[in-house]
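1. Any chance you can model this:
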Amino acid sequence: MAIIIILILVGLFLLILEFFVFPGVSIAGIGGIISIGVAVYLGYSNFGSTAGHIILASTITSFIVLLIFALKSNIWKKLSLNTAVTSQIETVEQELIKVGDKGITITRLNPIGKARVNDLEMEAQCPGNFLDQQTEIEVVKVFKTYIVVKPLNQ
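-> Residues are numbered from 1 along each chain as shown. Now for the predicted structure:
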């Protein structure tokens with residue numbers, strides 16, 4: 001009887017680990033199911049069908065109670081990642097920058113970098129060209145998060 005109880009406890013522990021620590025189909029979940037299955041089989045084969053039914057019902061009930069307790073306890077909140085993303089993406093003020101505006105590169109556009117147009121710094125892209133710092137540019141397209149530029153001398 002002790003081996004059945006130990007197998008059920010190990011199986012329940014492995015299944016709880018599977019749900020909360022190693023999500024997905026892993027060795028913990030498979031091991032838990034096998035451990036509980038062997039315990040229930042041993043209960044049926046050694047003690048008969050009545051005892052087997054009792055072992056099966058108590059195992060299912062124990063698992064449900066343990067799962068509810070684990071979900072309601074705050075221990076899982078301590079183990080889980082609770083970070084929030086507070087950064088924001090820079091957006092281009094489309095009213096302040098228009099096609100044809102002129103500016104200068106702050107960093108090298110290789111082909112993406114930073115540029116200053118109308119005293120605003122933003123991400124700039126120059127497809128097909130690599131522009132060095134302090135190169136004069138002209139705005140070709142304005143998107144929500146970046147601008148497309150070309151060298152002024154072209």
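2. Now find how far off-centre the longest helix along the chain is within its chain.
-> Ranked by number of residues, the top helix in the chain under DSSP state H is helix 27-72. For helix 27-72, the distance from its own C-alpha centre to the chain's C-alpha centre is 32 Å (C-alpha atoms, centre = their mean, to the nearest Å).
3. what does stretch 112-131 give?
-> For stretch 112-131, the distance between its averaged C-alpha position and the chain's averaged C-alpha position is 32 Å (C-alpha atoms, centre = their mean).
4. buried sites along that stretch?
-> When neighbours are counted by 16 or more other C-beta atoms under 10 Å, the buried residues of stretch 112-131 are found to be 113, 115, 117, 122-126, 131. Backbone N, C-alpha and C define where each C-beta goes, glycine included.
5. Over to stretch 95-112?
-> 97, 101, 103, 105, 107-109.
6. again, but for stretch 14-31
-> 14-19, 28-29, 31.
7. Determine which two of these are furthest apart.
-> 19 and 31 (13.5 Å; C-beta to C-beta).
8. follow-up on the earlier one: does anything pack onto the longest helix of the chain? Which helices or strands?
-> Other elements packing on helix 27-72 under the criterion 3 or more C-beta pairs under 8 Å, 6 or more residues apart in numbering; DSSP states H and E are helix 2-20.
9. helices and strands around the helix it packs on, which ones?
-> Looks like helix 2-20 contacts helix 27-72 (3+ C-beta pairs under 8 Å, 6+ apart).
10. Inside strands: which ones of the buried residues of stretch 112-131?
-> In strands, judged by DSSP state E, the following of those are found: 113, 115, 117, 122-125.
11. Return the closest of the residues you listed with respect to residue 10.
-> Minimum distance to residue 10 across these is 55.0 Å, recorded for residue 123 (C-beta to C-beta).
12. Apart from its chain neighbours, what residue comes closest to that closest one?
-> Nearest in space to residue 123, with sequence neighbours left out and distances taken as C-beta to C-beta, 6 or more residues apart in numbering, is residue 146 at 4.2 Å.
13. what's near enough to touch that neighbour?
-> In this structure, residue 146 makes contact with 92, 112, 122-125, judged by C-beta atoms under 8 Å, 6 or more residues apart in numbering.
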